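Student: here is my input; please provide its structure:
(one chain, ligands or ions: 1)
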Amino acid sequence: MRRKQKRLLQALGLALAALVFLPNVGLWSLARDQRPPHGAASPAQGSHMRQRKDLYFGDGQRKKDWHDKEAIRRDLERTGNGEQGKPYPMMDAERVDQAYRENGFNIFVSDRISLNRSLPDIRHPNCKNKLYLEKLPNTSVIIPFHNEGWSSLLRTVHSVLNRSPPELIAEIVLVDDFSDREHLKKRLEDYMAQFPSVRILRTKKREGLIRTRMLGASVAIGDVITFLDSHCEANVNWLPPLLDRIARNRKTIVCPMIDVIDHDHFGYETQAGDAMRGAFDWEMYYKRIPIPPELQKPDPSDPFESPVMAGGLFAVDRKWFWELGGYDAGLEIWGGEQYEISFKVWMCSGRMEDIPCSRVGHIYRKYVPYKVPTGVSLARNLKRVAEVWMDEYAEYIYQRRPEYRHLSAGDVASQKELRSNLNCKSFKWFMNEVAWDLPKFYPPVEPPAAAWGEIRNLGTGLCVDTKHGALGAPLRLETCVKGRGEAAWNNVQVFTFSWREDIRPGDPQHTKKFCFDAISHSSPVTLYDCHGMKGNQLWRYRKDKTLYHPVSSSCMDCSESDREGTCTSVISTSISFGVRNKRKRQTSDDGGDSPEHAIDVPEHTSFWKVMATTNPTTETEAAHTGLETTP
Ligand SMILES: [Mn+2]
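Tutor: Take a look at the predicted model:
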């Protein structure tokens, strides 16, 4: 009975929302009949088709080359600021704070680059020869925005119009989440009036990204919904490869490769590592992991499976999106929605792919220029997703974020009902079948550290110390403080040699996310954000008590040049570092810590040997500490 009442209320709510939003819809119906003037600045516009029904084809369908050869040729001839995706040569006057303040990227530079600028075709060469189904579904492109810059928003729209087959664009829906900047009001409407396929919707109050996207999706008329961010540039032939995968399997959600548009000079380039799988750590931060050999295709330009999407850029069959319930309407403002839709599509009989032949550039901001609600609303969103979709794996998050455990996630009954109605599989299935490679990089239970303790230079008797160490500054060596007060020792001279083979300040339960990092032979050892990808942050502890840095084939050492009671840690070929360490106790409470107890380190850390410590008092205390927060 109560459920029925709730349903009724939901229906009523939807009807109300429709009433609220419909008056705005009038704006674009007015604008629709105006034809574009054939000025040089306006993107190529063709007729667009709205009625396409028989859309889904199996194998054996006719395929074609969707490249717009003429547009590609025209783009190649373009010269000027930022053309071919080249960095804009910035003048000092353009580097000022003011340029970044309102958008988080340099709007001065953006304003000096053509709205129709050309981009480099950085796709895999095989993409040039790929054919896609002759009959593809059309799409509504939904672009939510809030106080977006004029040129960055317009360039997004122009790039979509310029580089998409017109018959595949059912419409472009700009959804304004209650912006207050003047250029986004009448001026934007007047400008967009020249493009019959563009319409503008506006929210009545600040709704946040999730509800703004949902509003756009709820009015969409295309067979497919494609979400883009409001500061993007679509690259050559970006759309057909996406629609082709959906045409072949309507339950596939597809994501383009997201390239980087520099927030300073607007240069266009691929992300570090280029094609990688979307993943997460167990604090629910988005991560990228390499495609494992098992999933690598003979043709690297072929689509590959991705466990989770980055967030803002994807295409989905419109009906399938709503069958999946859209986004959970209980998610607030921003954050967590990319996990919800990703888990949902995989667990409920769909799939998700990244498409290397589809590339869209995105301006990664320097900072977010407006207040983004984080903290509680983000935590609540993540908890909702964990409660509804993650089953027993939610516990791994609560262990790392104890504050989530008792946080109210609101009513999730309707979401759980959706999950059961759709007969969705378990999260364990998702972890075993889809994200099976994720735990290698982000294990739910952190493997024990190989060792931890002070790092002592045997030549000088000094210890590595982080007291004066700002991030990026060389690590200093100071008088060892161990045994002269546990507190001081713990704060500045305790390091953990983690299972990832990097070295971090702090004991195993309280490591910072900074790692020993060195660039090359004889460069100083600094602290840098841990990337978990070995490289510059990979260290080996060898039998001869040296800390070896494979990338530079050097060892950690004390700089000869400054030895005034302290010295700087450098890597060089001489050998003089010892590590005193303790084993991290995971489950046993015997307190014993002899070298005979083989520690549970990954086999590739076989060079690491535990040394017996010389201070039994500290030893016991530390072992005890190690027991307190056993996962
Ligand atoms: Mn963005």
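Student: how about Gly278, secondary structure?
Tutor: Under DSSP: H, G, I helix; E, B strand; the rest coil, the three-state class of Gly278 is strand.
Student: what's near enough to touch Arg123?
Tutor: Taking Cβ atoms under 8 Å, 6 or more residues apart in numbering as the contact definition, Arg123 lies against 235-236, 301, 356-357, 359. Just so you know, the C-beta spots here come from the backbone N, C-alpha and C atoms, and that holds for glycine as well.
Student: now, which of these lie within strands?
Tutor: 356-357, 359 (DSSP state E).
Student: most neighbours of all those residues, which one?
Tutor: Across those, neighbour numbers were computed from other Cβ atoms under 10 Å; Arg359 holds the maximum, 27 neighbours.
Student: and the helices in the stretch 351-500 of the chain, which stretches?
Tutor: Secondary structure of the stretch 351-500 of the chain, counting by DSSP state H, counting those that start in this stretch: helices at 376-389, 394-400, 402-405, 413-421, 427-429, 438-441, 486-492.
Student: figure out which of those is closest to Ser114.
Tutor: Ser114 sits nearest to helix 376-389 of all those, at 37.2 Å, using Cβ to Cβ.
Student: which helices and strands sit right next to the closest one?
Tutor: In terms of contacts (3 or more Cβ pairs under 8 Å, 6 or more residues apart in numbering; DSSP states H and E), helix 376-389 is packed against helix 337-347, helix 394-400, helix 402-405, helix 413-421.
Student: helices and strands of this protein: which one bottoms out on pLDDT?
Tutor: Comparing helices and strands within the chain by mean pLDDT, DSSP states H and E singles out helix 616-628 as the least confident, with a mean of 25.
Student: mind putting the helices of the stretch 351-500 of the chain into a markdown table with mean pLDDT, mean neighbour count and distance to Thr526?
Tutor: As requested, the helices of the stretch 351-500 of the chain are exported to a markdown table (pLDDT from 0 to 100; neighbours: other Cβ atoms under 10 Å; distance: least, Cβ to Cβ, whole Å):
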| stretch | mean pLDDT | mean neighbour count | distance to Thr526 |
| --- | --- | --- | --- |
| helix 376-389 | 93 | 22 | 31 |
| helix 394-400 | 95 | 17 | 27 |
| helix 402-405 | 92 | 13 | 32 |
| helix 413-421 | 97 | 15 | 46 |
| helix 427-429 | 98 | 15 | 39 |
| helix 438-441 | 94 | 15 | 24 |
| helix 486-492 | 68 | 15 | 16 |
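Student: reformat those as a markdown table; add distance to Gln84.
Tutor: Output for the helices of the stretch 351-500 of the chain, formatted as a markdown table (distance: least, Cβ to Cβ, whole Å):
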| stretch | distance to Gln84 |
| --- | --- |
| helix 376-389 | 38 |
| helix 394-400 | 44 |
| helix 402-405 | 47 |
| helix 413-421 | 46 |
| helix 427-429 | 45 |
| helix 438-441 | 35 |
| helix 486-492 | 50 |
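Student: low-confidence ranges in the stretch 501-631 of the chain?
Tutor: For the stretch 501-631 of the chain, the stretches flagged by pLDDT under 70 are 560-631.
Student: switch the cut-off to 80
Tutor: Judged by pLDDT under 80, the stretch 501-631 of the chain has its weakly predicted residues at 509, 520-522, 532, 543-545, 558-631.
Student: which residues of the stretch 1-150 of the chain fall in helices?
Tutor: Counting by DSSP H, counting those that start in this stretch, the stretch 1-150 of the chain forms helices over residues 2-31, 69-77, 98-101, 107-111, 150-162, given from the N-terminal end onward.
Student: count the residues that sit near Asp507.
Tutor: Neighbours of Asp507 under the rule other Cβ under 10 Å: 19.
Student: how about it, phi and psi?
Tutor: The phi/psi pair for Asp507 (degrees, to the nearest 10) reads phi -80, psi 170.
Student: ok, the contacts of Arg123 vs Asp437, which is closest?
Tutor: Once Cβ to Cβ is applied, the member of these that ends up nearest Asp437 is Pro356, at 18.3 Å.
Student: ranking the helices of the stretch 1-150 of the chain by mean pLDDT, which is last?
Tutor: The stretch with the lowest mean pLDDT among the helices of the stretch 1-150 of the chain is helix 2-31, at a mean of 50.
Student: ok, Leu378 touching Tyr339?
Tutor: No. Counting by Cβ atoms under 8 Å, no contact exists between Leu378 and Tyr339, whose distance comes to 11.7 Å.
Student: in CSV: the ones in strands among the contacts of Arg123, plus distance to Leu382.
Tutor: Output for the ones in strands among the contacts of Arg123, formatted as CSV (distance: Cβ to Cβ, whole Å):
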residue, distance to Leu382
Pro356, 30
Cys357, 33
Arg359, 29
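Student: can I get those residues in JSON lines with distance to Leu76 and pLDDT?
Tutor: Converted to JSON lines, those look like this (distance: Cβ to Cβ, whole Å; pLDDT from 0 to 100):
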{"residue": "Pro356", "distance to Leu76": "22", "pLDDT": "97"}
{"residue": "Cys357", "distance to Leu76": "19", "pLDDT": "98"}
{"residue": "Arg359", "distance to Leu76": "17", "pLDDT": "98"}
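Student: now flag whichever of those residues is closest to Ser426.
Tutor: Proximity of the ones in strands among the contacts of Arg123 to Ser426 (Cβ to Cβ) peaks at Pro356, which lies at 30.3 Å.
Student: quick one: the closest residue to the closest one other than its chain neighbours from Pro240, how far?
Tutor: With Cβ to Cβ, 6 or more residues apart in numbering as the measure, Ser301 is the residue that lies nearest to Pro356, at 4.9 Å, once sequence neighbours are left out. Ser301 is 14 Å from Pro240, where distance means Cβ to Cβ, to the nearest Å.
Student: again, but for Asn103
Tutor: If you go by Cβ to Cβ, the gap between Asn103 and Pro240 works out to 31 Å.
Student: and stretch 221-232, how far out from the chain's middle?
Tutor: Computed by Cα atoms, centre = their mean, to the nearest Å, the chain-centroid distance of stretch 221-232 equals 19 Å.
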